[in-house]
Every structure is written in structure tokens, then in C-alpha cells.
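>>> With the sequence up front, the predicted model follows.
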Amino acid sequence: MATEGFEAESLERASFEYAAHPARVLFGSGTASRVGDEVRRLGGTRVLLLAGHSVSAAVEHLCSTLGPLLAARFDGAAMHTPVEVTEKALGVLREAQADCLVALGGGSTTGLSKALALRTDLPQIILPTTYAGSEVTPVLGETSDGRKVTTSSAAVLPETVIYDVELSRGLPLGLTVTSAVNALAHAVEALYSPQANPIIDSLALDAIARTARALPLIAGGDTGPASGGSGGFDPRADLLRAAWFAGTCLGGAGMGLHHKLCHVLGGSFGLPHAETHTVILPHAMAYNAPAALQAMRRIAEALGVEDAPSGLFDLIASVGGPTSLQALGLAETDLPHAAQLVAAQSYPNPRELTVSGIESLLRDAWHGLRPAPSSLRGVADSGPASAMPDSSSLTEQVVASFDHAPDPRVRQLITSLVWHLHAFAVENELTQGEWQHAIDFLTRTGQICSDTRQELVLLSDTLGVSSVVDLLANSRTPGATPSAVLGPFYVEGPPETQQGADISGGLPGIPLWTDVRVLGAQDRPLGGAIVDVWQSNQDGFYDVQLPDLDGPVLRARFRTDEEGRLRFWSILPSPYPIPDDGPVGAMLAAVGRHPYRAPHLHFMISAPGHRRLVTQLFVAGGEYLDSDTVFGVKEALIVDFAERHGPTPDGREVAGAWRSVEFTFRLAPDAS
Ligand code: BEZ
Ligand code: FE
């Protein structure tokens with residue numbers, strides 16, 4: 001991947017310019033009560049209070065704090081600071097002969113205050129209630145006849161910013177997340193801006209780290225230090241400070257592709273501001289990552305993740321933030337036009353902008369796909385330039401070929417597969433001979449499959465993939481019995497069998513008495529549950545592997561009694577090798593692995609209103625428990641198959657020792 005662009009890639013940033021914007025900041029909890037002193041400090045006697053709609057209790061409190069200083073109030077601030085609204089407020093200001101502005105609210109209220117200051121030169125005190133950060137930037141964006149006009153002037157900077165943590169404490173989670181990610185975007189883009197400098201870097205990294213620390217706590221219901229969940233720090237104070245620092249980054253360094261994307265999506269397609277920032281940021285970062293390697297590494301470190309773009313996507317998703325442009329109401333047919341608008345003008349950005357690249361970025365964001373980790377995109381972070389040919393644009397070309405797949409899930413899966421396969425080839429410098437060998441192996445694995453032999457499942461089992469998929473599908477309900485792989489020896493429709501029967505069909509082995517219970521939600525016994533069982537014989541073979549056997553043996557279908565109980569006789573299962581006379585057996589032999597499974601009894605349990613449980617009980621003390629060749633053993637499924645002598649529970653005569661196993665299965669409720 002080319003690392004074109006201007007990121008000097010020197011953390012030292014040996015030469016730089018830095019301009020600080022003057023501002024007096026009062027930060028803390030309860031600082032709003034000092035507003036009167038601040039007005040007097042600025043020589044104000046008649047305040048025009050600008051207030052947002054959603055903070056009525058705080059406004060009332062501020063009014064009473066201001067007391068006789070309050071001359072008038074204007075509550076009509078609107079998004080994008082329309083000039084008509086400013087004119088109206090100007091009328092109120094003049095009529096009240098105000099000599100000081102106090103603004104309490106989010107970005108819109110701050111914008112109005114700045115617009116009034118620009119026209120009147122009155123001093124401003126701003127009390128932010130969200131994390132927009134515009135109170136510390138010299139930038140004002142106004143709309144006139146539907147057109148946006150941006151002014152950058154020190155005249156719009158407030159004299160004082162009062163950050164009172166209590167003002168944002170009650171901000172709803174959704175707004176908190178989008179507002180905080182909006183702020184995060186300023187910090188992120190400042191780190192790869194042409195104006196980057198060490199002061200801005202420090203502020204940006206601090207803002208990123210605080211945001212990453214605070215958001216999960218707030219999403220988890222942490223309301224502040226009093227709630228005791230955050231180890232003594234206040235996540236709301238973290239976010240407010242991050243907003244201030246990130247706003248300072250925005251005021252001190254030029255922004256890149258991300259801000260341009262959000263500007264176009266908001267301005268030309270009417271998408272909501274903070275939500276759009278939240279959806280776009282991980283994708284804009286992924287796009288820029290190849291040309292901003294050090295910035296991405298520092299962001300990843302501050303976020304506490306391996307990879308910045310995918311790590312940020314995960315953070316946003318985990319706190320319930322929006323992740324798709326589709327959900328924000330953008331039409332898929334608008335994507336090409338949006339890409340053209342974004343690429344139309346050139347502006348500073350670490351990576352060159354191409355219409356196709358931006359359209360692909362937007363398509364990922366539209367579908368809500370997780371950006372592939374940089375390591376898979378071929379974005380290397382270190383090391384001297386090697387002689388390795390660069391395959392990343394080839395990978396991107398292949399990935400882009402799926403851009404129009406109609407099913408987003410299919411697109412996600414096949415795209416991710418290609419990324420991983422290409423990365424596998426590159427990381428291992430795969431030779432043509434090795435790849436040919438792999439293709440031959442897969443060909444033979446397919447060719448040996450028949451109605452009674454499923455070598456591809458064996459491959460999946462022995463590589464542990466079956467157990468990973470099983471874990472993902474079935475281990476989300478705490479308290480439910482863990483599942484285990486189905487294996488190839490289950491046969492549909494096993495013989496219906498009465499409780500207490502012996503399913504061994506007279507085959508030799510140590511008699512085994514099984515006594516289990518099936519419970520559902522709230523440990524309610526599940527009567528009438530269907531329980532299929534199957535197991536190997538004493539030599540480790542299933543009936544289907546023994547063509548001379550007459551009919552099904554060591555497999556049955558039972559129903560639990562009204563107490564959810566099931567009892568039956570069989571024989572103690574033995575360890576056995578999975579079929580190892582094919583390519584999978586050859587693979588195991590080639591890597592020095594044995595083909596054995598630990599001894600176990602299979603269960604498949606179904607009951608209305610519950611998730612079907614497919615699992616196995618393993619014989620404690622049995623062989624191969626810690627090296628089961630299909631990785632099916634779980635601690636909670638290893639049980640005592642206790643040795644017994646003498647009378648049996650149902651009075652059956654048994655000569656010599658027998659075994660018994662007891663277990664309680666807990667089924668998860670069926671979420672659907
Ligand atoms: C089994 O337990 O029956 C089994 C599971 C996976 C592969 C082979 C056998
Ligand atoms: Fe088995």
C-alpha cells in the first residue's frame with residue numbers, strides 16, 4: 001500500500017507551528033453557579049441568555065443564578081445557524097440593550113452565540129451541554145437561503161467557557177454516544193492533519209483515551225463517581241474534557257476526508273450531523289490508514305485496541321451507536337453521487353481521494369460493515385521496505401468486485417474471507433507448490449465424501465472450526481448446559497424407546513445406568529422432552545460403522561417423564577478414533593496428532609419453547625480428555641461415571657461391577 005501523503009511519520013514533529021486560542025475555562029462539577037461572577041468580570045450588566053430547548057431545569061437554575069443580571073432570553077436557536085434566526089435574536093438583543101451573551105446548550109446554541117458576537121462584538125460566556133466542542137473553535141458555519149457559509153475569525157471565540165459536568169450528566173445515551181464520537185472525529189483527524197503539532201497531538205490522544213474509557217461505563221449505567229462503578233473517576237467529566245480537548249484540536253488543525261464526507265452527507269443529503277459522524281468515522285479511518293500509519297497506531301493505543309478503525313467500530317457498536325448510513329435514511333442510489341461530490345474538490349488528506357475508493361467506503365458504511373482490520377488490508381505498520389511485492393491493491397480490487405452483492409451478509413462474509421485468505425498467502429509467502437498441494441488435499445477431501453462419509457465435516461472438526469461455530473451459536477445463555485459438536489454418527493429418527501430399557505442390544509461392555517434430568521427456564525422440569533442418545537460400543541465403533549449388525553443399536557429416542565427425568569441402561573462408552581483412513585487422517589498423521597476422541601455419550605434434547613441442546617457427557621478420568629481430536633470437551637461436561645457393585649436402581653440383576661451417571665441438563669429458552 002502506498003504511503004503517499006504528507007504525514008511526516010516522525011513522532012518528534014521536528015518543526016511545527018502552534019497558535020493557542022485565548023479562552024478562560026471553568027471546568028468541574030457545579031461551575032455553572034459561577035456564571036454571575038464571570039458576567040461581572042467581563043463588565044456585563046445586562047445578559048441576553050440563549051438557551052437550548054432540552055435543558056429546561058438547567059435554564060431555570062441559570063436564570064435564578066443570574067438574577068437581576070438577566071435582561072432577556074432567546075430560545076430559538078436552530079441547526080446550522082440560519083441567518084434569519086440570528087436576525088431575530090439580534091432584535092431581542094438590541095431591544096434588551098444587552099451587553100453580554102450567555103449561551104447554554106449544544107452546537108446550535110453555541111453557533112447562535114458566535115453569530116451574535118460576530119455582529120455585535122459582545123463578550124460571550126458559553127456553557128456547553130453536549131460534546132460538540134465548537135465553543136473552543138474560531139469557526140462559525142451559518143446558512144443563508146439554504147447555502148452554508150463558513151467564517152473563521154477570532155471574533156467568534158467566547159471569552160469564557162464554563163464546562164459544568166452536571167449539565168451533560170442527564171444527556172441520553174444515544175445522544176451521548178453520537179456527540180462523543182463527533183468530538184472524537186476532531187481528535188482523530190487532527191493527528192494526521194498537515195497542521196499537526198505536539199500540543200494538538202497530546203490533546204487528541206488524551207481525548208481519545210478518555211472517550212474510550214468513558215463510553216462503555218456510561219452505556220453500562222454508570223452515572224458518575226457516586227455510582228461507584230468507575231473506580232473513582234467520573235465518566236461524564238472524562239467525556240466533557242475530551243470534548244473540550246477535541247474541540248481545541250478542531251480549532252487548531254485542519255480536518256480531512258472524514259469531515260468532508262460528513263459535510264456532504266449532511267449538506268446535500270440531509271443526514272443528521274452527529275449520527276453521520278458516528279457511522280462514517282471508522283470507515284474514513286480505514287480509508288486513510290495506509291497513509292497515516294503512525295497516527296493509526298497512536299489512536300489504537302489510546303483506544304486500547306489492536307487496530308484503530310475496526311476497534312472504534314466495535315466500541316461504537318458495543319455502546320449501541322449507529323453503524324449504518326442505511327439506517328440514517330440515505331438511499332443506496334445516492335452513494336455514487338455522494339462519492340463524486342466528496343472527490344470533486346481537492347483538499348488536504350493523507351491518502352489520495354478516488355471516486356471509486358470513496359464509493360466503496362460509503363458502500364461499506366451504508367451496509368454497516370465492520371472495517372477489516374488493517375493487518376488484513378495489507379496495511380503494514382513497520383519494518384523497512386522489503387522486496388515483497390505489494391498485493392494490497394489486488395486484494396482491494398477483488399474486495400471491490402463484491403460491492404454490488406445484493407445481500408449484505410453475503411458481501412460481508414465473502415469480503416472477509418478474501419481478506420483473510422489473501423493475508424494468509426502474503427503472511428506466509430505461500431509458494432505455488434504449497435497452494436497446489438492444498439488444492440489437491442481439498443479435492444481428495446471432497447472426493448472421499450459419500451452418503452456415509454463426510455470428510456469435510458471431519459476437517460472442520462479437527463481444525464476446531466465446528467467447535468468455534470458451536471460456541472458462537474450456543475453459548476450465549478449463562479446457566480444453560482454447554483453444547484458440543486454433533487459429529488457424523490447421529491442418525492435421524494432413532495428408534496422410540498421406553499424409559500428404563502437397555503439400548504445395548506446385548507453387545508458386550510460394562511453396564512451403564514444413566515439417570516438424567518431436563519430442566520428449562522427457572523429450573524422448571526421439562527416433562528415430555530425428546531431426548532435422542534447415541535454412543536459407541538466397547539471397541540469404539542458406532543452401529544453405522546458395523547455393517548454386520550442388525551438394526552440400530554446403542555441409539556434411541558426417549559421422552560422425559562413429568563419430572564423431566566430419564567433413566568435407561570446401556571454400556572460404558574470407549575475412546576475411539578475418528579475415521580482416519582482418508583485425507584484428514586493423513587493430515588493428522590503428518591502433524592503428529594492422534595485421531596482419538598475422549599469417551600462420551602451423545603445427547604440431543606428438544607422441548608417446546610427451548611433451544612435444542614446438542615451435547616455430550618464425557619467420562620471423567622477417561623483417555624484423551626485433554627487432547628480430544630475434535631476439541632469437543634468442555635469442563636462442565638466431564639462427569640463421574642461412578643463404579644458400582646451390588647443391587648441396581650431398577651432391581652436388574654448385574655453380575656460384577658456396573659457404572660452409573662447422573663446429570664442435570666438445563667435448556668436455554670428459545671429467544672425467537
Ligand atoms: C463424534 O463424537 O461422534 C464425532 C465428532 C466429530 C468427529 C467425529 C466423531
Ligand atoms: Fe461420538
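Right, received. Where do you want to start? Ligands and ions are numbered 1, 2, ... in the order given.

>>> make it CA atoms for all contacts and neighbour counts henceforth
Fine.

>>> For the protein, which residues score under the pLDDT cut-off?
1-14, 54-55, 223-232, 377-388, 672 (pLDDT under 70).

>>> near ligand 1, which residues of it show up?
L458, D461, G487, P488, F489, I578, V630 (C-alpha under 6 Å from any ligand atom).

>>> residue of the stretch 201-350 of the chain with the smallest distance to ligand 1?
D314 (33.1 Å; C-alpha to the nearest ligand atom).

>>> which outside residues touch the host helix or strand of that residue?
Using DSSP states H and E, D314 falls within helix 308-318. Helix 308-318 is touched from outside by 177, 212, 216, 278, 281-283, 285-286, 296-297, 299-300, 303, 305, 322-323, 370-374, with contacts defined as C-alpha atoms under 8 Å, 6 or more residues apart in numbering.

>>> run the last query once more with 6 Å
The set of residues external to helix 308-318 that reach it, using C-alpha atoms under 6 Å, 6 or more residues apart in numbering, is P282, M285, A286, M296, I299, A300, V305, P371, P373.

>>> Around the last one, how many other residues sit close by?
Spelled out, it's P373. Residues lying near P373 (other C-alpha atoms under 10 Å) number 18.

>>> Before we go further, it is sitting in a helix, right?
No - according to DSSP: H, G, I helix; E, B strand; the rest coil, the state of P373 is coil, so it is not within a helix.

>>> gap between it and ligand 1?
Distance of P373 to ligand 1, computed by C-alpha to the nearest ligand atom, to the nearest Å: 32 Å.

>>> Name the next helix or strand downstream of the helix holding D314, please.
helix 335-344.

>>> Compile the contacts of helix 308-318 into CSV and extend it with columns for secondary structure.
Below are the contacts of helix 308-318 laid out as CSV (three-state DSSP):
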residue, secondary structure
P282, helix
M285, helix
A286, helix
M296, helix
I299, helix
A300, helix
V305, coil
P371, coil
P373, coil
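
>>> Among the residues you listed, which pair sits farthest apart?
Greatest spatial distance among the contacts of helix 308-318 (C-alpha to C-alpha): I299 and P371, at 15.4 Å.

>>> what residues are up against the closest residue to ligand 1 within the stretch 351-500 of the chain?
Residue of the stretch 351-500 of the chain nearest ligand 1, by C-alpha to the nearest ligand atom: G487 (3.3 Å). By C-alpha under 6 Å, 6+ apart, the contact set of G487 is empty.

>>> Could you measure from it over to R611?
Here G487 is placed at a distance of 19 Å from R611 (C-alpha to C-alpha, to the nearest Å).

>>> so the residue of the stretch 351-500 of the chain closest to ligand 1 is in which element?
Counting by DSSP H and E, G487 is found in no helix or strand.

>>> Same check on G540?
Per DSSP H and E: G540 is located in neither a helix nor a strand.

>>> burial measure for it, as a count.
Other residues near G540 number 18, with proximity taken as other C-alpha under 10 Å.

>>> Not counting sequence-adjacent ones, nearest residue to it?
Y576 (4.4 Å; C-alpha to C-alpha, 6 or more residues apart in numbering).

>>> how about that neighbour, phi and psi?
When read as degrees, to the nearest 10, the backbone of Y576 gives phi -150, psi 160.

>>> Am I right that it is in contact with Y596?
Yes - Y576 lies in contact with Y596 (C-alpha atoms under 6 Å); the separation is 5.3 Å.

>>> still on that earlier bit, centre of the chain to the helix holding D314, how far?
5 Å (C-alpha atoms, centre = their mean, to the nearest Å).

>>> Show me what counts as buried in it.
A308, P309, S310, G311, L312, F313, D314, L315, I316 (16 or more other C-alpha atoms under 10 Å).

>>> just stretch 457-476 next, same as before
For stretch 457-476, by 16+ other C-alpha under 10 Å, it's 457-468, 470, 474.

>>> In JSON lines: the residues you listed, plus secondary structure and distance to G28.
Listed next are these as JSON lines, based on DSSP: H, G, I helix; E, B strand; the rest coil; distance: C-alpha to C-alpha, whole Å:
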{"residue": "V457", "secondary structure": "helix", "distance to G28": "60"}
{"residue": "L458", "secondary structure": "helix", "distance to G28": "62"}
{"residue": "L459", "secondary structure": "helix", "distance to G28": "60"}
{"residue": "S460", "secondary structure": "helix", "distance to G28": "57"}
{"residue": "D461", "secondary structure": "helix", "distance to G28": "57"}
{"residue": "T462", "secondary structure": "helix", "distance to G28": "58"}
{"residue": "L463", "secondary structure": "coil", "distance to G28": "55"}
{"residue": "G464", "secondary structure": "coil", "distance to G28": "53"}
{"residue": "V465", "secondary structure": "helix", "distance to G28": "52"}
{"residue": "S466", "secondary structure": "helix", "distance to G28": "53"}
{"residue": "S467", "secondary structure": "helix", "distance to G28": "51"}
{"residue": "V468", "secondary structure": "helix", "distance to G28": "48"}
{"residue": "D470", "secondary structure": "helix", "distance to G28": "49"}
{"residue": "N474", "secondary structure": "helix", "distance to G28": "47"}
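
>>> and which of those is nearest to S153?
V468 (57.2 Å).

>>> what's the spacing between that closest one and I638?
To I638, V468 is 19 Å away according to C-alpha to C-alpha.

>>> for A286, same thing?
Taken as C-alpha to C-alpha, the span from A286 to I638 is 45 Å.

>>> Tell me which of those two has more neighbours.
In terms of neighbours (other C-alpha under 10 Å), A286 is the more surrounded of A286 and I638; the figures are 24 against 17.

>>> Starting from A556, give me the distance back to that one.
54 Å.

>>> What of T629?
Taking C-alpha to C-alpha, one finds T629 at 26 Å from A556.

>>> Thanks a lot, catch you later.
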